[in-house]
Structures are given as C-alpha cells and as structure tokens.
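**Student:** Sequence isn't available, so here's the structure alone:
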C-alpha cells in the first residue's frame, strides 16, 4: 500500500536490576513477612514479629545454647543481637528484677515495639554474608543464624513461658539469666583491669 506508514513495534525499556538493598528488602518483606522502613540503611521494624536483645558478643555466645536451632541471631561488631518473641521487651525489666539482676548495671539493651534494627546484609543470591567474607564491611550487621524462609522463625524465639509449661519454645528466663551473668562477669573483668587511682 502506498502512503501508509510502516508499523512500529514498541519494546519496553529494560528494567533496572535490583540493587542488594532492594533484594534484601524483598526477601525480608515477602519471604519472612518482616516489615522494613523506607530508606537506607535497610532497617527492620521491631516489636511486630520479634523484639531484639542487644548484648556483648561474649555474653551472646554463652546464651546460644538456650536458643532453638532456628532462632535468628545477628552480629554487628562486638555486639550480638538475639531475636526474642514480640512483647519480651516489656517483660525484661521484671524478669531481671525477679532474677535479682535488676539493681546492677548490665551492658544489655532490649528493643521492642516502635524500635528499629539495622537489617543484616544478605548476599545477592539470598544467602547471608559469612563473617569475614569480602563484601561484608566492618561494622555492618550479618546473620550468625539467619531466619529461614518458609519456617515460622517466631516459633523458635525465646518467650516467657509458664513455669512447668513444657512448651517447645526456648525459655526467656534461662536466656536472660545466662546473659546477665556474663554481662556482669565482663563488667567485673573490665573493672579489675582498670589501674587503681591513688590520691
């Protein structure tokens, strides 16, 4: 046909590949159902699905035996973040008082409802960066025990169970007692290492 224009096929522009933060955000939100906040660095909303107990790494290592194998644990520098059942942050002061640790200054903090946690880095293929691997810069959070997609990570988190409840969840009381004991030992060790001041 004379005078007609040739048909033009439109091809969509190529999509921009997801950067590692976007992949991680999708993984946390879609695979685990954990809420994130917009922006960088990638942060997880605490208090909805889990609370976080932030302790010195040495105290955290001692507490690992009180956690279920599927209980997520993150490390950032010399600090360990143990994920606890949502609502544990409210219970922690009372449990520490009951265990007679409440009056001592302990190097532990708990983050609950309304708090945020820096999301541990994930590799592009969805696996966590092992500690020391290139790509995980010093001081960034990494998973020591990553949450497993498809399993209900919250079921493995320490909770305040009834005495003699015999449930399958790890016991928050035993975990806190171990962490508090080791935090106190670390504090005493640091105090003993300080030179004495004479006037």
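**Tutor:** On my side now, so go ahead. Keep in mind that what you see is a predicted model, and the values were worked out from it rather than measured.
**Student:** which parts of stretch 92-100 are buried?
**Tutor:** Residues of stretch 92-100 classed as buried: 92, 95-96 (neighbour count, 16 or more other C-beta atoms under 10 Å). Yep, even glycine has a C-beta here, placed from its N, CA and C like the rest.
**Student:** Next, format those residues as JSON lines and append distance to residue 78, secondary structure and pLDDT.
**Tutor:** Putting the buried residues of stretch 92-100 into JSON lines (distance: C-beta to C-beta, whole Å; DSSP: H, G, I helix; E, B strand; the rest coil; pLDDT from 0 to 100) gives the following:
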{"residue": "92", "distance to residue 78": "21", "secondary structure": "helix", "pLDDT": "91"}
{"residue": "95", "distance to residue 78": "25", "secondary structure": "helix", "pLDDT": "91"}
{"residue": "96", "distance to residue 78": "22", "secondary structure": "helix", "pLDDT": "93"}
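**Student:** As a markdown table, the residues you listed with distance to residue 25 would be great.
**Tutor:** Formatted as a markdown table, the entries for those read as follows, by distance: C-beta to C-beta, whole Å:
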| residue | distance to residue 25 |
| --- | --- |
| 92 | 29 |
| 95 | 33 |
| 96 | 34 |
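**Student:** of those residues, closest to residue 141?
**Tutor:** The shortest distance between residue 141 and any of the buried residues of stretch 92-100, using C-beta to C-beta, involves residue 92 and amounts to 21.0 Å.
**Student:** Please name the residues that touch that closest one.
**Tutor:** Contacts of residue 92 were listed using C-beta atoms under 8 Å, 6 or more residues apart in numbering, and they are 53, 110, 176.
**Student:** Now the helix ranked longest in the chain: average pLDDT?
**Tutor:** For the chain, the helix with the greatest residue count under DSSP state H is helix 172-193. The predicted model assigns helix 172-193 a mean pLDDT of 88.
**Student:** Give me the packing partners of it, helices and strands only.
**Tutor:** In terms of contacts (3 or more C-beta pairs under 8 Å, 6 or more residues apart in numbering; DSSP states H and E), helix 172-193 is packed against strand 50-56, helix 57-63, strand 79-85, helix 88-98.
**Student:** Please identify the pairing partners of the helix or strand just after the longest one and their relative orientation?
**Tutor:** Towards the C-terminus, the helix or strand next in line after helix 88-98, according to DSSP states H and E, is strand 109-111. Here strand 109-111 is paired, per DSSP bridges, with strand 50-56 (antiparallel).
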